[in-house]
Structures are given as structure tokens and as C-alpha cells.
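Peer 1: coords below, sequence missing:
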């Protein structure tokens, strides 16, 4: 029988939630790395027992952890982020070598097919790859050739927070950076191009600016890798040509500001967002926690409220804190800064909290185990 495993990163540790295909009763394991910020925890599509976690504290710095038994035990793996064979260095924006001292690893993205390969998006913004299960890391420096000297930090820092792989083309990868924009490589990270045409930001007077946009998250359905959905600082956007152009699909949302965006596992035109009141007020409009669903790939949205608090709710849902499983019907999950993890086993029609009173949730990822 199929099982679902939810990987939850929080401000004070990681939690692993597991259930059978009915998704009615959940076992909770954790906290792992209690007291540490776990910015992201992600499982390998090529090996369901292999997990990676980004463990961070202001006192001890950054550690990458790996598990090979589904989260029962963990070991730290190599943290030498390397440029051109020299540990602890990278090329800065002016082209000169500098020590690589970054705040944290924001996002870990294991390869879709290779058990040994994993990518890391870091702050300050750069992309690293490990080909030996996280023991050693090499930067993909071509990314910062895309006007890197003009990148600016968003409110959360200048972070590379999203990595999306094209399942039909191993050489194609999409990334997003706050506040620089979205970028694509078609040659496995050697060269990159900005893919921000059609994005508009109030702070950028030039409507044709290649970089400078604050992208919050990007999602793709594996069956249609040329169709991308984006939650931007303001606006929900869609591209039908692998990011070459974008159009707004915010439609009738109560606010087009938010952080996560997700795509239904079986219907590539069904997408989910969680609107937040504004960039200065990070809580749901009117204090009502509502997930919004579109069955038309955007523009037309419906509020999903059954089982969610509809008064006096002032939590936030962060960019990596929403995910779906691949069961039928599709399950949808999200975590809040108030420490709740909500689940819908029927595509968003009904919601219930799996756990409450966790530390603030930073990331939610889902594995469907068969």
C-alpha cells in the first residue's frame, strides 16, 4: 500500500510526518536537530530513503545533513563550497576571488534521476552542485554572469530559493532569486539566461529590465515542462514557453501578493496559491486563512475554506511551505508560521490540521512512497 511522508522544516528543528494512503492518521517523528533552523528538507526522487536537510544557526553556521534511512538517522556531509578547485572561495561580482561566507542554504534539490547529485541554492545568491551525495560542492558560476552585479536583496536577503528541473531535459534547470528574477540553463548549468520578459515591478522603471524582479516561487507540472507558474512579489504569472515570456493570471484573487505556488499532481491546469494581505502585512486578508485554487491555469480562482480558520488568523505561509502528493485524489499540504501543518486529501476541498503548535514552519515537502 502507498504511503505519504511529509518533510517539515521549522525554526527549531525538522519533523517527519507519515501516513498510509488514506491519510487519516499521522505518525510524527521529531524534532530532529532540535533548536536549529531547518530551512529546507527534501527527499531524493531517485532514492526514497535519501533525504537532505539544510541546518543553520547564527552561532554555529551552516550544516548540510543527509539521511539514508528516511530520516531515522542523519549525518553531516561536506560543507566545502568550492570555486575552481579551491575550498572556501568563489568569484565575487567584480570577477575576483573572495572567501565564500554565506548566510545559509535556502533550498536543496536532489536530481530527478541520479542518486548522487544534489543542487543547493544559497544566500548570497549562487547555485552549487554536488555529484557525490553532498560530500563536496562546486559552484555553477555561469549563473552570476547574468548581470550578477545588479542583483539586489529582497526583504529576506539575496537568496536563491527555487530550483526546478525539467524532467524531459536533464540539461534544463530553472532558478529564482530574490530580488533578481528567474533564470534558465539549457546546458546543465554552464550558461544561463534571464527569463523575466513580461514581469513588471513598481520599483523598476524600465519595463524591459532583464533583472531586478522579486520572484517568490516557481512551479511546474512534470508533464508540461514548458508551462511555468510563478508567484511574484506582486502578481501571479504564467509562461507557456519555458519562461521566454510571462503574462499575469492573478484574476479575481483578493490579493496578488503571496509566497508559495503549487500545481495539482494530475491536472496541470489546476494551481494553488495562498494570498497574503500585502508586502508589509504578512497575514491573510481579513484574517481569514484561505487557499485559492484555479482549475483554468489562472485568472479564475475559488477560495478553499472548509476546515481552515476564518477569523482572527494572522499566520503566513512561506515560499517552500506548500506541496502536493501524487495519490489519487491528490493531497495538498501547507505549513504556517503559527506552527500548523494542514492537509487536504481531496485536492483542497476539505482541510484538517495534521499537527499544531510546531515552531514556525519554513518548508513542507512531500514524498509518495509506493
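Peer 2: Perfect, thanks for sending it. No experiment lies behind these values; they were computed from the predicted model shown.

Peer 1: how much space between residue 176 and residue 159?
Peer 2: Residue 176 sits 9 Å away from residue 159 when distances are taken as Cβ to Cβ, to the nearest Å. Where you see a C-beta, it was placed from the backbone N, CA and C, and this is true even at glycine.

Peer 1: err, residue 249, not the other one
Peer 2: Residue 249 is 25 Å from residue 159, where distance means Cβ to Cβ.

Peer 1: which one's more surrounded, the two?
Peer 2: A direct count of neighbours by other Cβ atoms under 10 Å for residue 249 and residue 159 places residue 159 higher, at 27 against 22.

Peer 1: distance-wise, check the closest residue to the more buried one other than its chain neighbours relative to residue 313.
Peer 2: Closest residue to residue 159 in three dimensions, ignoring its sequence neighbours and counting by Cβ to Cβ, 6 or more residues apart in numbering: residue 123, at 3.9 Å. Look at residue 123 and residue 313: by Cβ to Cβ, they are 29 Å apart.

Peer 1: got it, and residue 320?
Peer 2: Noted for residue 320: a distance of 21 Å to residue 313, by Cβ to Cβ.

Peer 1: the more surrounded of those two?
Peer 2: Neighbour tally, residue 320 and residue 313, criterion other Cβ under 10 Å: the higher count belongs to residue 320, 24 against 17.

Peer 1: touching, that one and residue 41? I think so.
Peer 2: No: applying Cβ atoms under 8 Å, one finds residue 320 not in contact with residue 41, separated by 9.5 Å.

Peer 1: circling back to that earlier point, so what's the residue count around the residue nearest to residue 159?
Peer 2: Burial measure for residue 123: 21 neighbouring residues, criterion other Cβ under 10 Å.

Peer 1: and what of residue 226?
Peer 2: By the measure other Cβ under 10 Å, the count of residues near residue 226 is 14.

Peer 1: do the same with residue 332
Peer 2: When neighbours are counted by other Cβ under 10 Å, residue 332 registers 27.

Peer 1: how about it: what's its closest non-neighbour residue?
Peer 2: For residue 332, the spatially nearest residue (Cβ to Cβ, 6+ apart) is residue 344, at 4.6 Å.

Peer 1: again, but for residue 231
Peer 2: If the residues on either side of it in the chain are set aside, residue 231 comes closest to residue 261, at 4.2 Å by Cβ to Cβ, 6+ apart.
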